[in-house]
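Undergrad: I would like the atomic coordinates for the input below:
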Amino acid sequence: MGVSCSDFTDGVLDLLAEHGFIHGDDVAEDSPERQFQVASVAIHRLGAFKTMAVALAAKVKEGGASEDLLKAADDLARAADRIAPKYLVCDGWDHIFSGTKPTTTRWVMDLGTGKMVVAQKFGSTWYDMRSDDVDDLMESVRDANNVRANPQDFGATTVDELPAW
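TA: Numbers count the residues shown, from 1 in each chain. I've put the predicted structure just below:
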C-alpha cells in the first residue's frame, strides 16, 4: 500500500507543527497553496538555523574566544525563537461591531496563545479597544474567518516582531 501525496504533505505538516516549527492553526486543510507556503517558510527558517548551528560548532571546535561563542550561541537561540512566526498582524481590518457601522481596526494576535496582543480602533486617532470589543473582533478573526489559515486573503501577515505602532 503506497502513501498518497496528500498523506505525505499532511505528515510533513504534522511533524513541523509537533516540533514547533509551524503553528497547526496556520495551515488551511483545503488550501494546498497555503500549506506549501507555510511549509516552505518553516524549511527556509530551519535552513538558516542549521547554518547558524554549524557556524557555532565550528567556533567551538576551533576554540574561539568566549565572547564570540556567547554571541554565536545568542544568535542561535534567537533564530530558534523565530522558526515559527510569533504574530499575525493586520493594519486595516474593517469590522462591524454590534449595532455600529464598519470600523477600521488594527490588531496583533500572538500565534502561540491565539490571543490578541494589540487591538485598536480608529476614530480621529487610534485607541485601544474595550475587552468586549476585543472578544467581538476575535470571534470574527479567529472563528468566523479563520484568518490564521489564509492571512493574505484578509490583508494580514505573519511577523516575528511587534509592529511599531
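
Undergrad: for this protein, what spans make up the helices?
TA: Ranges of helices in the chain, per DSSP state H, are 5-18, 32-61, 66-81, 131-138.

Undergrad: out of the ones you listed, the one nearest residue 157 is which?
TA: For residue 157, the closest of these is helix 32-61, at 11.4 Å, according to Cβ to Cβ. For the C-beta atoms, the positions are set from N, CA and C on the backbone; glycine is no exception.

Undergrad: how far out from the middle of the chain is that closest one?
TA: 16 Å (Cα atoms, centre = their mean, to the nearest Å).

Undergrad: now do the phi/psi pair for residue 21.
TA: Dihedral angles phi and psi of residue 21 (degrees, to the nearest 10) take the values phi -80, psi -20.

Undergrad: is it correct that it is in contact with residue 41?
TA: No. Between residue 21 and residue 41 there is no contact under Cβ atoms under 8 Å: 9.4 Å.

Undergrad: export the helices of the chain as JSON lines, with columns for mean neighbour count, mean pLDDT and distance to residue 159.
TA: Below are the helices of the chain laid out as JSON lines (neighbours: other Cβ atoms under 10 Å; pLDDT from 0 to 100; distance: least, Cβ to Cβ, whole Å):
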{"stretch": "helix 5-18", "mean neighbour count": "14", "mean pLDDT": "77", "distance to residue 159": "19"}
{"stretch": "helix 32-61", "mean neighbour count": "15", "mean pLDDT": "77", "distance to residue 159": "12"}
{"stretch": "helix 66-81", "mean neighbour count": "13", "mean pLDDT": "74", "distance to residue 159": "13"}
{"stretch": "helix 131-138", "mean neighbour count": "16", "mean pLDDT": "95", "distance to residue 159": "19"}
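
Undergrad: for residue 90, find the nearest of those.
TA: helix 131-138 (10.0 Å).

Undergrad: rewinding a little: can you list the helices of the chain in JSON lines and add distance to residue 91?
TA: Converted to JSON lines, these look like this (distance: least, Cβ to Cβ, whole Å):
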{"stretch": "helix 5-18", "distance to residue 91": "27"}
{"stretch": "helix 32-61", "distance to residue 91": "20"}
{"stretch": "helix 66-81", "distance to residue 91": "23"}
{"stretch": "helix 131-138", "distance to residue 91": "14"}
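
Undergrad: got the domain boundaries for the chain?
TA: The record assigns the chain these domain ranges, following automatic domain parsing: 1-84, 87-159.

Undergrad: JSON lines for the ones you listed, including distance to residue 165?
TA: JSON lines is the format used below for the domains of the chain (distance: least, Cβ to Cβ, whole Å):
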{"stretch": "domain 1-84", "distance to residue 165": "21"}
{"stretch": "domain 87-159", "distance to residue 165": "7"}
